[in-house]
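Novice: Okay, sequence plus prediction incoming.
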Amino acid sequence: MLSKVFAGFGIAMAFTGCVDEATDGGDEELTSTEEMLSYSGFLPSGVPVFNSLGLSTTVSTAPQGRIDLTNEFFADLGTNDRRCVTCHLPTAGWTITPGQMQAIFLLTNGGKIDDGLGLGAVFRTNDGSNTPNADVSTNAKRRAAYSMLLNRGTIRVGLPMPAGAEFELVSVDDPYGYASAAELSMFRRPLPSSNLTLIKPVMWDGRVVGATIPEALADQSNGATMGHAQATEPLPQDTRLSIVALESSLFAAQTMTVGIGSLTAEGAKGGPEFLKTQALVAARFNLFDTWATSTKAARQAVFRGQELFNTRTRPTGGGACRACHSAENSGTNVNGTFFNVGQSDGARRAADQPLYVFRQISTGTEVSTTDPGRALITGKWADMNKFKAPSMRSLAARAPYFHGGTSKTLLEVVKFYETSLGFVFTAAEEQDMVAFLSAL
């Protein structure tokens, strides 16, 4: 029964506390997260999860490959019913998607019959709504208040202007009427809590630091619980380490893509199993080398896309995709470098995004942006609009893409890099790139 619930949103609903009763379509019901945990207590490796492009899954390095659902990652450690898994769902590549948020919004009734949509734990005004003072008294008002979460799968990150910054805030155009120098509103996608042995910076802007990645993740687990879950006391160190141990054991990737088939067929190294032993080293993607001579045209397209990613440079002289996404077979950056790829450029601002204008104090130069990224942490003008290079695995399970959820499809991602960074692909090459990205 658990696999059916997992694949069909039941586990997402139970974990996010969005309904009192989540059924798998059979005779049995799960009446709460606690009842679900008592039913099994673990999730086995390799449970298939459907997405629009095929199937993804998660495997674990824990004993017997079991994902321990009694770990504190799945526990209510705060005051508002949220858990780590509330925004890091196994059914969404260990993040969230707008589709799941919309389903949860509609299926939530909070025990009420009338006027009770959008009451699940993910829908909280401290960071789930567009402003912390949003009116959430009715269905319609909640739908408006949580529009960025519902439409983009983004959480509001409130940060102040850094002391001693090399720049000043000139103006704010916030469609929600809240952001100011005291607290700017950035809307960002939760990063996946899987494949964490293959990352460098923690968080999009690297604001969580530690001597090692596990130490940074431990600090992040506490910060998230204090902030997102509104806990009243810091997590004990053993709880933090337990959460990190669970997260660090999880490896997620696409396992089957429609029209391509199994991503381990014909000697390919797709899927999550190979990630368990993948080192964080700078090297080309080589997952689909054996498909160069595949008898299946769709698999040859994946190989061609992989090689375009590895080698196609820009006419302007810029490097290939993997120059930034340099980590072998994961696509993070091995040096932890932050990049400005133009995602936050004010010229690309959509109507639902805040717009900020900053001025460099020393030169008077101004820039408009929807999210200054790393600069709000360091206070350095050179870090304006810079973000980490996230993991590229399990992409099909976790659209939309980029920190602000601006690209709904992988083709939109490819086209963005053509317009922003000057890559040039033919229409056929664009499709090859999409084939490769859909197989990750």
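Specialist: Now that the structure is in, tell me what you want to look at. Not measured: the values here are computed from a predicted model. Residues are numbered from 1 along each chain as shown.
Novice: Report the central residue of this protein.
Specialist: Closest residue to the average C-alpha location of the chain: Leu191 at 3.2 Å, with Cα atoms, centre = their mean.
Novice: That one: what's it in contact with?
Specialist: 95, 203-204, 390-391 (Cβ atoms under 8 Å, 6 or more residues apart in numbering). For the C-beta atoms, the positions are set from N, CA and C on the backbone; glycine is no exception.
Novice: Just the ones of those in strands?
Specialist: The members of the contacts of Leu191 all map outside strands under DSSP state E.
Novice: Which of these ranks first by neighbour count?
Specialist: Neighbour counts for the contacts of Leu191 (other Cβ atoms under 10 Å) peak at Ser391, which has 26 neighbours.
Novice: you'd agree that one is up against Thr197?
Specialist: No. Contact criterion Cβ atoms under 8 Å: Ser391 and Thr197 do not qualify, at 10.4 Å.
Novice: Cys84 versus Ala121, what's the distance?
Specialist: From Ala121 over to Cys84 the distance is 11 Å, taken as Cβ to Cβ, to the nearest Å.
Novice: Output the below-cut-off pLDDT ranges for this structure.
Specialist: Scanning the chain for pLDDT under 70 picks out 1-40, 109-115.
Novice: Using the record, which stretches count as separate domains in it?
Specialist: 2-154+186-250, 155-185+344-384, 262-339+395-438 (automatic domain parsing).
Novice: For the ones you listed, could you give me CSV that also reports distance to Met256?
Specialist: Rendered in CSV, the data for the domains of the chain read as follows (distance: least, Cβ to Cβ, whole Å):
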stretch, distance to Met256
domain 2-154+186-250, 4
domain 155-185+344-384, 30
domain 262-339+395-438, 6
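Novice: Please export the C-alpha coordinates of stretch 144-164 as PDB.
Specialist: C-alpha atoms of stretch 144-164 as PDB (Å, rounded to 0.1, in the frame of the first residue of the first chain):
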ATOM      1  CA  ALA A 144      -4.000  35.100  -3.500                       C
ATOM      2  CA  ALA A 145      -1.800  35.100  -0.500                       C
ATOM      3  CA  TYR A 146       0.000  31.900  -1.500                       C
ATOM      4  CA  SER A 147       0.100  32.600  -5.200                       C
ATOM      5  CA  MET A 148       3.900  32.400  -5.500                       C
ATOM      6  CA  LEU A 149       4.000  29.100  -3.700                       C
ATOM      7  CA  LEU A 150       1.100  27.800  -5.800                       C
ATOM      8  CA  ASN A 151       2.300  29.100  -9.200                       C
ATOM      9  CA  ARG A 152       6.100  28.900  -8.800                       C
ATOM     10  CA  GLY A 153       6.800  26.600  -5.900                       C
ATOM     11  CA  THR A 154       8.800  29.300  -4.200                       C
ATOM     12  CA  ILE A 155       9.200  30.200  -0.500                       C
ATOM     13  CA  ARG A 156       9.600  33.800   0.500                       C
ATOM     14  CA  VAL A 157      13.100  34.500   2.000                       C
ATOM     15  CA  GLY A 158      13.200  37.700   3.900                       C
ATOM     16  CA  LEU A 159      16.600  39.300   4.300                       C
ATOM     17  CA  PRO A 160      17.700  42.800   5.300                       C
ATOM     18  CA  MET A 161      20.200  45.000   3.600                       C
ATOM     19  CA  PRO A 162      23.700  43.900   4.900                       C
ATOM     20  CA  ALA A 163      25.600  46.300   7.100                       C
ATOM     21  CA  GLY A 164      28.500  48.100   5.400                       C
END
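Novice: Quick check: buried residues in it?
Specialist: Under the neighbour-count criterion of 16 or more other Cβ atoms under 10 Å, stretch 144-164 has 144-150, 152-158, 161 buried.
Novice: Pretty sure Glu168 sits in a strand.
Specialist: Yes. Under DSSP: H, G, I helix; E, B strand; the rest coil, Glu168 sits within a strand.
Novice: So the closest residue to it other than its chain neighbours versus Thr108, what's the distance?
Specialist: Among residues not flanking Glu168 along the chain, Arg359 sits closest, at 5.4 Å (Cβ to Cβ, 6 or more residues apart in numbering). Separation of Arg359 from Thr108 (Cβ to Cβ): 44 Å.
Novice: Same drill for the two, tell me which one is more crowded.
Specialist: For Arg359 versus Thr108, neighbours defined as other Cβ under 10 Å are more numerous around Thr108 (24 against 16).
Novice: can I assume that one is in contact with Leu117?
Specialist: Yes. If you go by Cβ under 8 Å, Thr108 and Leu117 touch, sitting 5.9 Å apart.
Novice: Determine how far the last residue of stretch 206-219 lies from the first.
Specialist: Taking Cα to Cα, to the nearest Å, stretch 206-219 runs 12 Å from one end to the other.
Novice: Now for Leu250, how many residues are close by?
Specialist: Other residues close to Leu250 by other Cβ under 10 Å number 26.
Novice: so how far is Thr293 from the nearest residue to it once chain neighbours are set aside?
Specialist: Distance criterion Cβ to Cβ, 6+ apart; nearest residue to Leu250, sequence neighbours excluded, is Ser194 at 4.1 Å. Remark: distance between Ser194 and Thr293 (Cβ to Cβ) = 32 Å.
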